[in-house]
Every structure is written in C-alpha cells, then in structure tokens.
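From the sequence below, what's the structure:
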Amino acid sequence: ADLPICICRSVIMQFRRDRILRPLGPLSLIIACFTCRRELVWVAAFSLQMSSLSSTPSTVIPTKVVDSHLHVWASSSQAASGYPYADGQDPPSKIADLASSEALIEQMDGAGVDGALIVQPINHKFDHSYVASAIKTRPERFKGMLLHDPSLNPEDAVSKLEDLALQGFVGVRFNPYLWPEGTDMSEPGGCGVAVYKRCAELNMPVGVMCFKGLELHFDDILKLIQASPDTILVLDHFGFTRLDEGGDKAFQQLLSLSKYPNVLVKVSALFRIAEPGADPFPFEGVRAKRFDPLLESFGADRLMFGTDFPFVLDEDGGYKGTVDVVCSWAGGNRAAIMGGNAERIFGPWGVLKT
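Numbers count the residues shown, from 1 in each chain. Presented below is the predicted three-dimensional model:
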C-alpha cells in the first residue's frame with residue numbers, strides 16, 4: 001500500500017515543481033485513488049480538466065474565444081423552486097430573468113464565444129449550487145470561480161476551496177467588502193492568506209474585486225503577493241481604475257503591479273470604467289487611456305477579455321458589441337487576450353474548432 005502512495009506523491013510533486021498541468025494516464029489515476037484527500041484534490045481538479053498548459057506565458061494559438069468574467073444566477077422561477085437568492089441580494093429587476101445559464105449560452109452563441117468563466121454572483125452569495133449545476137450541465141462551455149467566505153476559519157476555508165475544486169471551480173474570488181470592517185484580506189493567520197497560499201499549490205488563480213477603487217486595497221494586495229508570490233492574482237475590470245482623476249492616480253498603481261509576473265488584468269466591464277457621458281460605446285477613451293497602456297506595461301500574455309454579463313446587456317453595444325470591440329483592440333494579440341491567456345491559467349474549454 002505504501003508504494004502507490006509514494007509513486008502518486010512523487011508524480012504530484014513533480015507537477016508542482018514544474019508548474020505544468022498534464023492529463024494523467026489511467027495508471028496514474030488509479031494510483032491517485034490511494035493517496036490522501038488533499039493530494040487527490042490537486043490531481044482531480046487540474047489533471048481531470050485535461051489541462052496541458054503552463055502557468056507561465058507560452059506559445060498558445062487557440063481558435064477559441066473565452067469570456068473570462070461574467071455571472072449567472074437563477075431566474076425568478078428557478079429561485080422559487082430550488083435556487084433561492086441570498087437575503088437582501090435579489091438581482092436588479094431589469095435583468096433579473098436575463099442571467100440564467102441558458103440565457104448566457106444564447107448570448108455566447110450569437111457572439112461566437114466558446115467558453116465562459118462564471119464568477120459566483122453575490123445574488124447567491126456562498127451557495128454555489130446554481131453555478132455548480134450549470135458547470136455540470138455544460139462542462140465544455142463553463143468553468144467557475146468560487147466566492148471566498150471570509151467568515152470561515154482557515155481550515156474550513158481551505159476545505160471549502162478543495163470541495164468546490166472538485167465541482168469544476170478553477171479560481172477564487174476575493175471580495176474585500178465581505179471581510180469584517182477593519183480586517184484585511186492579507187490578515188496574518190487569517191483565512192484569506194490560507195486560501196491564497198493553497199491556491200498557489202493548486203494553480204487556482206485568485207481574482208480580486210476592487211469595486212470602490214484599487215487605491216483602497218493596493219497595500220492589501222501587495223501583502224497578499226508577498227505572502228505567496230507563486231499565486232496567480234487577477235484584477236477584475238481594469239482594477240476598477242475609472243476614467244476620472246482618482247482613477248487616473250490608481251491606474252499608476254495598477255501599472256506598477258506589472259513588475260510581478262503572476263499578476264494579470266481583466267479587460268472587462270468597459271462601461272464601468274468609461275467616463276459617464278464623455279466616453280460612449282465603443283469606449284475609445286478606455287482604449288487610449290487604459291487598454292493601450294496596460295498592453296504596453298503588462299504585455300498581451302497578461303490581459304484577459306471579459307464582458308461582465310448580464311450587466312453588459314443593459315449597456316450600449318450589449319454582449320456581442322463588447323466582444324467585437326475588445327477583439328478589435330487586441331488586433332494581432334487576439335489569440336492571447338481573447339482566449340489563450342484564460343485557457344493558460346484556468347485550463348482549456350471544450351474542443352478546438354477545426
């Protein structure tokens with residue numbers, strides 16, 4: 001009995017050392033069944049996704065388009081019949097019934113989008129059952145990013161992470177506004193650091209939502225990076241560096257993070273960054289003042305396209321318009337920005353087009 005465990009751990013540690021994600025052969029899968037739970041989580045969560053992509057930039061030439069940032073939630077009828085909204089978190093009435101996984105598939109098909117990373121919505125808070133069901137139904141189209149619960153102790157938080165990793169969740173979202181007031185994500189000995197470090201071992205990126213501005217969380221983010229430099233950190237929506245005076249200052253902070261090779265930025269939710277009334281769709285101001293400098297500073301290997309569905313449906317251009325705009329901005333870097341980078345750090349979606 002000791003031999004299979006020894007072999008399995010040797011294989012896993014080699015994967016961790018090389019930071020290469022490869023599908024395991026039948027023998028390795030059988031061997032993995034004998035090892036401990038946490039090592040099995042590592043194998044199942046990543047090898048069974050059939051990922052063969054390194055976590056560092058490499059030559060990737062996909063034909064797929066992957067939306068790296070969107071949300072789905074239960075329709076009102078689904079919420080009434082088994083997927084309730086969290087207390088006080090009913091979705092906006094205008095788009096409440098436009099955000100089901102079925103509605104998302106229609107939008108993706110109409111825009112030529114092959115895969116999507118579903119970020120757990122606040123509407124269901126820490127109940128991941130609706131997103132897990134969507135992933136289970138359409139695993140070739142969907143992967144998930146779970147929402148971290150800061151109320152958990154470190155051990156339970158890591159256990160929750162591992163459980164959801166086995167259900168198709170390939171990343172973690174940190175929402176700093178869910179932490180107790182006055183508590184940082186990087187609190188020493190806290191569950192945030194425990195999960196952040198475990199994510200490095202599992203190659204699960206951590207996304208951070210700085211909704212009220214990057215400048216409020218910049219020092220906290222630096223401490224997370226210092227606590228675990230190997231963890232991949234992804235900043236949502238241009239780091240929420242809006243086109244205004246405060247956003248311009250915060251944008252300089254965002255650019256300074258380019259020196260950390262494991263920091264990536266989502267080119268997503270363009271409408272949230274644009275200057276209201278002064279930079280309408282197709283958001284040329286966002287392109288000139290945010291996208292182009294990010295491309296120069298971070299490089300094409302560290303930017304990822306996203307739409308922020310379903311909220312984008314209520315904006316000029318809608319879903320397809322956003323896909324087309326970012327694709328036009330990416331130009332010769334389309335393969336990386338529109339899908340290649342997402343597949344490199346989260347694993348591949350579906351099957352390549354012929």
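
Leaving out sequence neighbours, find the closest residue to residue 103.
Nearest non-adjacent residue to residue 103, counting by CB to CB, 6 or more residues apart in numbering: residue 310, 7.4 Å away. (Each C-beta comes from the backbone N, C-alpha and C, glycine too.)

wait, I meant residue 194
Distances taken as CB to CB, 6+ apart put residue 154 closest to residue 194, at 3.7 Å, once the chain neighbours are dropped.

Could you report the separation of the residue nearest to residue 103 from residue 98?
Note on residue 310: its distance to residue 98, by CB to CB, to the nearest Å, is 5 Å.

More neighbours: which of these two?
With neighbours defined as other CB atoms under 10 Å, residue 310 and residue 98 compare such that residue 310 has more, 25 against 19.

Hmm, residue 67 and the residue nearest to residue 103 touching each other?
No - using CB atoms under 8 Å, residue 310 is not in contact with residue 67; the gap is 11.7 Å.

tell me the contacts of the residue nearest to residue 194?
By CB atoms under 8 Å, 6 or more residues apart in numbering, the contact list for residue 154 reads 189, 190, 191, 193, 194, 195.

Report the buried members of those residues.
For the contacts of residue 154, a burial check counting by 16 or more other CB atoms under 10 Å picks out 190, 191, 193, 194, 195.

Show residues contacting the helix or strand hosting the third one.
This points to residue 193. Assigning secondary structure by DSSP states H and E places residue 193 in helix 191-202. With contacts defined as CB under 8 Å, 6+ apart, helix 191-202 is touched by 16, 41-42, 45-46, 148-150, 152-158, 161-162, 165, 172, 174, 179, 184-187, 204-206, 224, 227-228, 230-232.

so where's the stretch 251-354 of the chain uncertain?
Applying pLDDT under 70 to the stretch 251-354 of the chain picks out residues 351-354.

what are the ranges of the helices in it?
270-273, 284-286, 292-298, 318-330, 334-335, 341-346 (DSSP state H, counting those that start in this stretch).

do the same with the stretch 1-150 of the chain
2-18, 26-32, 37-42, 76-81, 101-111, 129-137.

List the buried residues for the host helix or strand of residue 207?
Using DSSP H and E, the element containing residue 207 is strand 206-208. By neighbour count on 16+ other CB under 10 Å, the buried set for strand 206-208 is 206, 207, 208.

For the second one, list the residues it contacts.
What that stands for is residue 207. 119, 145, 171, 172, 173, 174, 233, 234, 235, 236, 266.
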